[in-house]
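Q: Return a 3D structure for these sequence lines:
(one chain, ligands or ions: 1)
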Amino acid sequence: MGKFKISSWLNRSPSPMSDEDGKKQNRSSFSGLSSSLTSKPKEPQSNTTGIHTPPSDEPERQPSTSRMIALAQKIAKETEKLETYMKDNNLPMPSFDVDAPADFPKLPAEISRSRQEIIFATRELGLLAHGPRESLRWGVWEFSAKLFPPAETITLSELQSKTSLDPINLARILRLAMTKGIFREPVPGIIAHTAASRVLAEDSDLHAWVAFNGEDIFPAAAHVLEALKTHPEATSLTRAGFQFAFGTVDKEPMFVTFGKDPARARRMGKAMVSLTGGEGYEISYLLDVEGGGYDFSEIDAKGGTFVDVGGSHGFVDVDLAKKYRNMKFVVQDTAKTVESAPKPICEDEQVAGRIELMPHDFFQEQPTKDADVYFFRWIMHNYSTPYAVKLLKNLIPALKPGARVIINDHCLLEPGQENPWDETVMRRMDLVMLALLNAQERTEAEFRDLFKAASDGFVFKGVTRPKGCRMSIIEAVWRPDLVDYGASATPADADAAAGATGATTAADVEASTTNALEELELEDQEAK
Ligand SMILES: C[S@@+](CC[C@H](N)C(=O)[O-])C[C@H]1O[C@@H](n2cnc3c(N)ncnc32)[C@H](O)[C@@H]1O
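A: Numbering: from 1, shown residues only. Below you'll find the predicted structure:
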């Protein structure tokens, strides 16, 4: 097939429509979006590099507040027109109900135009309301945002010379991105940054998040169905979509694959920084007692010990130690992670002096005995139930009565109970965990079951969530003295009795997950 010249393509008129109404409708429908996401064509000033500086008299952008209000008003006005027409003509209203019509009926041109305006104005308002970083984080696309400076423009052909893509395919990708407000084309063939593409160029952690999604998560997600069809139980770390995508089924978990490829591991690390640094995930939520954070003052008063299991470089502990001046902290992570932690961990000696970094594999028995708190942040959601139960069981030999186990993770509400954006983010994360690790986000009942499966000695205290935070605080207390085994002589007997009533028990979990536990043993051997 012969290639057509990009210039001819650029100069093509928009999609042809035969009747006059159609033409009007087409132009009018796109007007809202184009006026904000692109600016009026202006001749750029070129320099010898082919990179163009936008003309100084580029039209002033409207401040986003007035644009947002204008869009909201347009949405209200056009929605009213559409609804009035539907009501007057006794047509069914659009809804999410299962029996709602799948398509709109044929509408007169004017009403059809209103519908298009609603669609595009809503999309644009959504992009503005999310802001560039959030839109990008969750609407990931692969771009070449770093290839030219934010204040400048570049010709499509110059941009092409900086990538391995041919001009046609580069233009195709860019123009799709432009529909999401990423890059714009002020004059045909000249590409300029938008707020979103600038953030991509300037925020290397966000860039890593986008690349991690494009190159690791998307291939894994594309193989989830294959993984689920082959292994419906979806508990094994070596049988997730990730392994089917990268040819490592029954060979190694994702973290082992990444361990062999430092650049890929670094990229994931940066992606996690971007994700967990985002709005709704700040550590300040945990610290802000008035706002629903956790109050450690009782433990602080007695100089108690806080163990951060899988605590990375201990940044949570540094923040806690700054607030609570008597508590001691033990940060446990893999030997490699512990070695790479900043030294000193904090400039404030009073803080640094109370934080110990300790290499520890959390699939082994907990070595720090009699601590007051064992804390798991962003850990449990990385594991399917058999693994998560094992993590809790590994604590038991170290626990003193009254010891608190605190999990800091998403906690899923019933469908529709969350605000729609947070629900989307959490449920996406749930499926990302499935694709990469056969892991999951959990509901309160599922957290309760985890503790119950680990031991009846855990008394589940419940779930709290700081206002505005996406992460919840899930707590249980170790009270083996309160366990009532009834007529049964031992916890195992009690488990058996509970099984007879249909309750989930540790024995049930273990029996149904032999493969996952065998895998754990395999990893133990590999670690040794
Ligand atoms: C998602 S990160 C969470 C880090 C930290 N808790 C936070 O809140 O950001 C998971 C952490 O678990 C650590 N990890 C993974 N496998 C581990 C193991 N077997 N034993 C101890 N730590 C492990 C990783 O090195 C990483 O620091």
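Q: Nearest spatial neighbour of whichever residue of the stretch 101-250 of the chain sits closest to the ligand, chain-adjacent residues omitted?
A: The shortest separation between the stretch 101-250 of the chain and the ligand is 10.6 Å, found at Leu237 (distances taken as Cβ to the nearest ligand atom). Just so you know, the C-beta spots here come from the backbone N, C-alpha and C atoms, and that holds for glycine as well. Using Cβ to Cβ, 6 or more residues apart in numbering and skipping residues adjacent in sequence, the residue nearest Leu237 is Pro253, 3.9 Å away.
Q: The one you found is in contact with Leu437, isn't it?
A: Yes. Under the criterion of Cβ atoms under 8 Å, Pro253 lies in contact with Leu437, with a separation of 7.3 Å.
Q: Now the common contact residues for those two.
A: Residues touching both Pro253 and Leu437 (Cβ atoms under 8 Å, 6 or more residues apart in numbering): Leu237.
Q: Starting from Gly416, give me the distance back to Met268.
A: Going from Met268 to Gly416 by Cβ to Cβ, to the nearest Å gives 32 Å.
Q: who has more neighbours, those two?
A: Set side by side, Met268 and Gly416 give different neighbour counts by other Cβ atoms under 10 Å, the larger being at Met268 (20 against 8).
Q: List the contacts of the residue nearest to that one when sequence neighbours are not counted.
A: In space, and not counting its chain neighbours, Met268 is closest to Phe212: 5.5 Å by Cβ to Cβ, 6+ apart. Under the criterion of Cβ under 8 Å, 6+ apart, the contact partners of Phe212 comprise Arg267, Met268, Ala271.
Q: what's the pLDDT at the one residue sitting closest to the centre of the chain?
A: For the chain, the residue lying nearest the average C-alpha position, counting by Cα atoms, centre = their mean, turns out to be Met429 (5.0 Å). Model confidence at Met429, expressed as pLDDT, equals 92.
Q: Just confirm it is within a helix.
A: Yes. Under DSSP: H, G, I helix; E, B strand; the rest coil, Met429 sits within a helix.
Q: My guess is it contacts Ala439. True?
A: No. When contacts are counted by Cβ under 8 Å, Met429 is not listed as touching Ala439 (10.2 Å).
Q: Touching both of the two, which residues are there?
A: When contacts are counted by Cβ under 8 Å, 6+ apart, the set common to Met429 and Ala439 consists of His381.
Q: Enumerate the residues of the stretch 301-450 of the chain near the ligand.
A: By Cβ under 6 Å from any ligand atom, the residues of the stretch 301-450 of the chain that approach the ligand are 310-312, 316, 333-334, 337, 361-363, 377-379.
Q: actually the chain, not the one I typed
A: Proximity of the chain to the ligand, by Cβ under 6 Å from any ligand atom, involves residues 272, 276, 310-312, 316, 333-334, 337, 361-363, 377-379.
Q: Now list the buried members of those.
A: For those, a neighbour count by 16 or more other Cβ atoms under 10 Å gives the buried set as 272, 276, 310-312, 316, 333-334, 337, 361-362, 377-379.
Q: May I have the residues that are in contact with Gln243?
A: If you count contacts by Cβ under 8 Å, 6+ apart, then Gln243 has Ala227, Val249, Asp250, Lys251, Glu252, Met254 around it.
Q: Hmm, the fourth one is touching Thr238, no?
A: So the one you mean is Lys251. Yes. The criterion here is Cβ under 8 Å, and Lys251 meets it with Thr238 at 6.3 Å.
Q: the more surrounded of these two?
A: Legend: neighbour count by other Cβ under 10 Å for Lys251 and Thr238, higher for Thr238 (22 against 11).
Q: how would you label the nearest residue to the more buried one once chain neighbours are set aside: helix, strand or coil?
A: Setting aside the residues directly before and after it, Thr238 is nearest to Asp250 in space (Cβ to Cβ, 6+ apart), at 5.3 Å. Put simply, Asp250 is coil when judged by three-state DSSP.
Q: Pull the number of nearby residues for Asp250.
A: Around Asp250 there are 11 other residues, counting by other Cβ under 10 Å.
Q: follow-up on the earlier one: any idea how far the ligand is from the residue nearest to the centre of the chain?
A: Distance, Met429 to the ligand, using Cβ to the nearest ligand atom, to the nearest Å: 12 Å.
Q: Repeat that for Met86.
A: As for Met86, its distance to the ligand is 48 Å (criterion: Cβ to the nearest ligand atom).
Q: For that residue, which residues are in contact?
A: By Cβ under 8 Å, 6+ apart, the residues touching Met86 are Pro92, Met93.
Q: Could you tell me whether it really is in a helix?
A: Yes. When classified by three-state DSSP, Met86 is found to be part of a helix.
Q: quick one: it and Thr122, what's the gap?
A: Taking Cβ to Cβ, one finds Met86 at 17 Å from Thr122.
Q: Now for the residues of the stretch 301-450 of the chain next to the ligand: which two are most distant?
A: The largest distance within those, taken as Cβ to Cβ, falls between Val316 and Phe363 and amounts to 21.1 Å.
Q: Show me what the helix or strand containing Ser135 packs onto, helices and strands only.
A: Assigned by DSSP states H and E, Ser135 falls within helix 132-138. Other helices and strands packing on helix 132-138, by 3 or more Cβ pairs under 8 Å, 6 or more residues apart in numbering; DSSP states H and E, are helix 195-202, helix 204-212, helix 420-437.
Q: after that helix comes which helix or strand?
A: Heading C-terminal from helix 132-138, the first helix or strand you meet, by DSSP H and E, is strand 153-155.
Q: Please name every helix or strand in contact with that following strand.
A: strand 51-53, strand 190-192.
Q: mean pLDDT for the ones you listed: which is lowest?
A: strand 51-53 (a mean of 36).
Q: Which members of the contacts of Phe212 occur in helices, if any?
A: Judged by DSSP state H, the subset of the contacts of Phe212 located in helices is Arg267, Met268, Ala271.
Q: want to throw the residues you listed into CSV with pLDDT?
A: Conversion of the ones in helices among the contacts of Phe212 to CSV gives the following (pLDDT from 0 to 100):
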residue, pLDDT
Arg267, 90
Met268, 88
Ala271, 88
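Q: any idea which of those residues is the one closest to the ligand?
A: Lowest distance from the ligand to the ones in helices among the contacts of Phe212 (Cβ to the nearest ligand atom) belongs to Met268, with 9.5 Å.
Q: How about the contacts made by that closest one?
A: Under the criterion of Cβ under 8 Å, 6+ apart, the neighbours of Met268 are Ala208, Phe212, Asp216, Phe258.
Q: which residues in the stretch 151-300 of the chain form helices?
A: 156-161, 167-178, 195-202, 204-212, 218-222, 224-230, 241-246, 254-259, 262-276, 284-287, 297-301 (DSSP state H, counting those that start in this stretch).
Q: what packs against the fifth one?
A: In terms of contact count using 3+ Cβ pairs under 8 Å, 6+ apart, helix 218-222 is assigned the packing partners helix 241-246, helix 420-437.
Q: Now these in JSON lines, please, with extra columns for distance to Phe104.
A: Shown next, in JSON lines, are the helices and strands packed on helix 218-222 (distance: least, Cβ to Cβ, whole Å):
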{"stretch": "helix 241-246", "distance to Phe104": "36"}
{"stretch": "helix 420-437", "distance to Phe104": "22"}
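Q: Can you flag the weakest of these by average pLDDT?
A: Ranked by mean pLDDT, the helices and strands packed on helix 218-222 end with helix 420-437 at the bottom, a mean of 90.
Q: Glu356 should be in a strand, yeah?
A: Yes. Counting by three-state DSSP, Glu356 is part of a strand.
Q: Thanks a lot, see you next time.
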